[in-house]
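Peer 1: Here is the input, now give the coordinates:
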Amino acid sequence: VQLVESGGGVVRPGGSLRLSCVASGFDFKSATISWVRRAPGKGPERVSRLSPSGGATYSTNFVRGRFTISGETAKNTVSLLMNNLKPEDTAVYYCYAERIIVRQTYWGQGTQVTVST
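Peer 2: Next comes the predicted model:
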């Protein structure tokens, strides 16, 4: 089982990044995929979630309207488009998969997003 994130980097405030998570080794279509971030000195925060039915939720008002989560089932990929990035978005972003019925969860290795002038 693997979740491989990519797309992180350094960007100026107001800029954009697209993170991607490619899954392998499990039934991707049965999983809820989330993006969870961890900022320095803070606990993990789930910023967005995509259900197996394709329903998207955003966990905080701070990212709603700026972040968009989407999935490509054929490519086993979930992406997070982040627009109008703010310094407060600086964090390691992790891809997190939950297969509720079989009680299995998986984490990616994370990708660093830094928003700075």
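
Peer 1: what sits up against stretch 48-62?
Peer 2: Counting contacts by Cβ atoms under 8 Å, 6 or more residues apart in numbering, the residues outside stretch 48-62 that touch it are 29-35, 45-47, 63-64, 67-71, 78, 80, 88. The C-beta positions use only the backbone N, C-alpha and C, and glycine is treated the same way.

Peer 1: Swap in 6 Å and give it another go.
Peer 2: Contacts of stretch 48-62 from elsewhere in the structure, counted by Cβ atoms under 6 Å, 6 or more residues apart in numbering, are 30, 32, 33, 34, 35, 46, 47, 64, 67, 69, 71, 78.

Peer 1: do you know how far the second one is from residue 101?
Peer 2: Taken as Cβ to Cβ, to the nearest Å, the spacing of residue 32 relative to residue 101 amounts to 11 Å.

Peer 1: ok, now the first one?
Peer 2: Taken as Cβ to Cβ, the spacing of residue 30 relative to residue 101 amounts to 7 Å.

Peer 1: mind checking the backbone torsions on the nearest residue to residue 14 once chain neighbours are set aside?
Peer 2: Counting by Cβ to Cβ, 6 or more residues apart in numbering, residue 84 is the residue found nearest to residue 14 once chain neighbours are left out, at 5.8 Å. Torsion angles at residue 84 (phi, psi; degrees, to the nearest 10) stand at phi 50, psi 50.
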